[in-house]
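In: what follows is a predicted structure for the sequence shown.
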Amino acid sequence: MSLIFRVQHQAEIDSTNDALKARAHLGAEEGIVLRADVQTAGKGRRGRGWVSEAGNLYMSILLRPQKSPADAATLGFVAAIALGRLLRAVLSVPVHHKWPNDVLVDGCKISGILLESGGITGGKVDWLVLGIGVNLRHHPAQTLYPTTDLLAAGGPSLTPDQALDLLLAEFRPLYEAWLSGGFANLRADWLAHCHGLGDPIVARLEREEISGRFEDIDGDGTLLLRTDDGILKRIAAGDIFMAPRPAA
Ligand code: BTN
């Protein structure tokens with residue numbers, strides 16, 4: 001049976017991810033989509049914050065897909081593909097996927113995806129909370145990576161509700177393909193719009209930075225980086241940056 005999305009709205013919240021995680025722990029059914037106008041403690045990846053003023057989209061979905069932790073972790077790539085499709089439909093500038101789960105518009109980050117999971121029963125995660133923020137009208141300065149928003153990139157003036165409807169419409173068929181065939185069904189789609197594939201990159205990890213060439217991603221979304229001395233490094237989590245090009 002196809003999943004029913006039930007959208008709920010709050011004017012202000014600490015974090016849509018945290019609120020849905022609390023409900024997941026209490027046994028809430030999958031399909032709840034929580035959107036807030038403003039987040040007072042929006043969360044980003046790797047312990048960072050997410051600036052969440054009114055005008056942009058902040059939403060999370062509660063899902064219970066019966067996947068192993070490794071398979072579940074690939075859902076962030078599926079969300080990035082959905083967002084990429086939405087943005088390509090309304091923009092005339094290039095839209096790329098940046099590993100792991102960012103979407104870049106003309107080279108600038110326009111969105112963030114935070115996937116959290118909890119509990120394991122019989123080798124499957126009990127729940128996933130997929131949180132997505134999309135810059136529709138404004139974007140923060142002073143970030144790790146250059147940022148933009150939909151309006152600044154020449155796109156239409158969408159309300160958060162309109163953007164949410166469009167995003168869910170893109171996400172649904174991709175989610176169904178992922179449920180039945182996993183990330184293997186969608187990896188080529190993600191790679192077709194990958195930022196920096198084959199290029200020199202620097203991967204910033206918890207305790208070190210590794211330089212090399214961005215060779216591929218594997219079936220569980222791990223980045224494969226080939227160092228200058230030919231060693232293949234598997235990178236499961238981190239931030240990547242394009243390596244500065246040598247002066248001509
Ligand atoms: C990133 O660091 O790129 C991920 C940012 C994810 C932000 C979204 S906004 C909706 C949801 N609620 C949160 O607290 N974070 C995610």
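Out: That came through fine.

In: how about the helix or strand hosting residue 84 against the ligand, any contact?
Out: Using DSSP states H and E, residue 84 maps to helix 75-90. No - among the residues of helix 75-90, none lie within reach of the ligand under C-beta under 6 Å from any ligand atom; the closest is 9.2 Å away. C-betas here are computed from N, CA, C, even on glycine.

In: again, but for stretch 126-143
Out: Yes - interface with the ligand: stretch 126-143 contributes 131, 132, 133 (C-beta under 6 Å from any ligand atom).

In: the spatially closest residue to the last one that is not a sequence neighbour: how many residues sit nearby?
Out: Nearest non-adjacent residue to residue 133, counting by C-beta to C-beta, 6 or more residues apart in numbering: residue 112, 4.7 Å away. A count of neighbours around residue 112, defined by other C-beta atoms under 10 Å, yields 21.

In: sec struct for residue 24, please.
Out: Three-state assignment for residue 24 (DSSP: H, G, I helix; E, B strand; the rest coil): helix.

In: could you pull out the helices for the protein?
Out: Taking DSSP state H to define them, one finds helices in the chain at 16-25, 69-72, 75-90, 160-181, 187-192.

In: burial check on residue 78, number of neighbours?
Out: What residue 78 shows, counting by other C-beta under 10 Å, is a neighbour count of 25.

In: do I have it right that it meets residue 184?
Out: No - if you go by C-beta atoms under 8 Å, residue 78 and residue 184 don't touch, sitting 11.8 Å apart.

In: the ligand contacts on this protein?
Out: Neighbours of the ligand within the chain, by C-beta under 6 Å from any ligand atom: 15-17, 39, 42-45, 48, 50, 58-60, 112-114, 131-133.

In: list only those of these flagged as buried.
Out: 15-17, 39, 42-45, 50, 58-60, 112-114, 131-133 (16 or more other C-beta atoms under 10 Å).

In: so what's residue 184 up against?
Out: Contacts for residue 184 (C-beta atoms under 8 Å, 6 or more residues apart in numbering) come out as residue 219.

In: cool, and residue 202?
Out: Taking C-beta under 8 Å, 6+ apart, we find residue 202 in contact with 209, 210, 211, 240, 241, 242, 243.

In: quick one: pLDDT of the first one?
Out: Okay, so that is residue 209. On pLDDT, residue 209 comes in at 94.

In: got it, and the fourth one?
Out: Model confidence at residue 240, expressed as pLDDT, equals 93.

In: contacting residues for it?
Out: 98, 99, 196, 201, 202, 203, 204, 214, 223.

In: just the first one next, same as before
Out: When the contact criterion is C-beta under 8 Å, 6+ apart, the partners of residue 209 are 202, 203.

In: and the direction of the helix holding residue 84 versus that of helix 160-181, what angle?
Out: Compare the direction of helix 75-90 with that of helix 160-181 by axes from the mean of the first three to the mean of the last three C-alpha atoms, to 10 degrees and you get 130 degrees.

In: quick one: contacts of helix 75-90?
Out: So helix 75-90 is in contact with 63, 65, 67, 95-97, 100-103, 105, 110-111, 113, 115, 128, 130, 132, 134, 150, 155-156, 158, 163, 166-167, 170-171, 174-175, 178, 183, 186-187, 189-190, 193, 221, going by C-beta under 8 Å, 6+ apart.

In: among the residues you listed, name the buried ones.
Out: Buried members of these, scored by 16+ other C-beta under 10 Å, are 63, 65, 67, 95-97, 100-103, 105, 110-111, 113, 115, 128, 130, 132, 134, 150, 155, 158, 163, 166-167, 170-171, 174-175, 178, 183, 186-187, 189-190, 193, 221.

In: so what are the sheet partners of the lowest-mean-pLDDT helix or strand in the chain and their directions?
Out: The helix or strand of the chain with the lowest confidence, counting by mean pLDDT, DSSP states H and E, is strand 239-242 at a mean of 92. If you go by DSSP bridges, strand 239-242 pairs up with strand 200-204 (antiparallel).
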